[in-house]
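> Below is the sequence, then the predicted model.
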Amino acid sequence: MEFVLRFVAGGLVIALAPIVANRYGGSIAGLILLFPIVTLTGFGFIALRSGASTMQAAAAGSLKTLPAVLVFLAGVYFGARLGLPASGALGAGLAAWLIVAAMLLGAKVVR
């Protein structure tokens, strides 16, 4: 049941994003996409299964990895601005995320 709840909640946010983008614009859709539904439910289930201290540690780990999310978003933005097709811009964002994530792991920021 837990898996189904996470799947449905995340899926709803993803399904709503293009509708919101068409109706209200890309900035509002971007806000919707960063709504922490996956994070919220994930942290909630961590707390239920492992306790508040484990949830706190997971939150600290997430804070440490924010640079990877930032470079993903920058890669998508600048890739699209440079005229890459959507798949290329998303690929640029993913590549940037992978590089920074690897750096964070190599620097033992995330462990």
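Cool, got the structure.
> Name the residues that touch the longest helix along the chain?
Secondary structure of the chain read by DSSP state H shows that its longest helix is helix 2-24. Applying C-beta atoms under 8 Å, 6 or more residues apart in numbering, the contact partners of helix 2-24 are Ile28, Ala29, Ile32, Leu33, Phe35, Ile37, Val38, Thr41, Gly42, Phe45. The C-beta positions use only the backbone N, C-alpha and C, and glycine is treated the same way.
> Now the buried members of those.
The neighbour-count criterion (16 or more other C-beta atoms under 10 Å) marks Ala29, Ile32, Leu33, Ile37, Thr41, Gly42 among the contacts of helix 2-24 as buried.
> Closest to Gly75 out of the residues you listed?
Of all the buried ones among the contacts of helix 2-24, Gly75 sits closest to Leu33, with 15.0 Å by C-beta to C-beta.
> and the contacts of helix 2-24 as a markdown table, adding secondary structure and distance to Ser87?
What follows is the contacts of helix 2-24, written out as a markdown table (DSSP: H, G, I helix; E, B strand; the rest coil; distance: C-beta to C-beta, whole Å):
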| residue | secondary structure | distance to Ser87 |
| --- | --- | --- |
| Ile28 | helix | 23 |
| Ala29 | helix | 18 |
| Ile32 | helix | 21 |
| Leu33 | helix | 17 |
| Phe35 | coil | 24 |
| Ile37 | helix | 25 |
| Val38 | helix | 23 |
| Thr41 | helix | 28 |
| Gly42 | helix | 27 |
| Phe45 | helix | 32 |
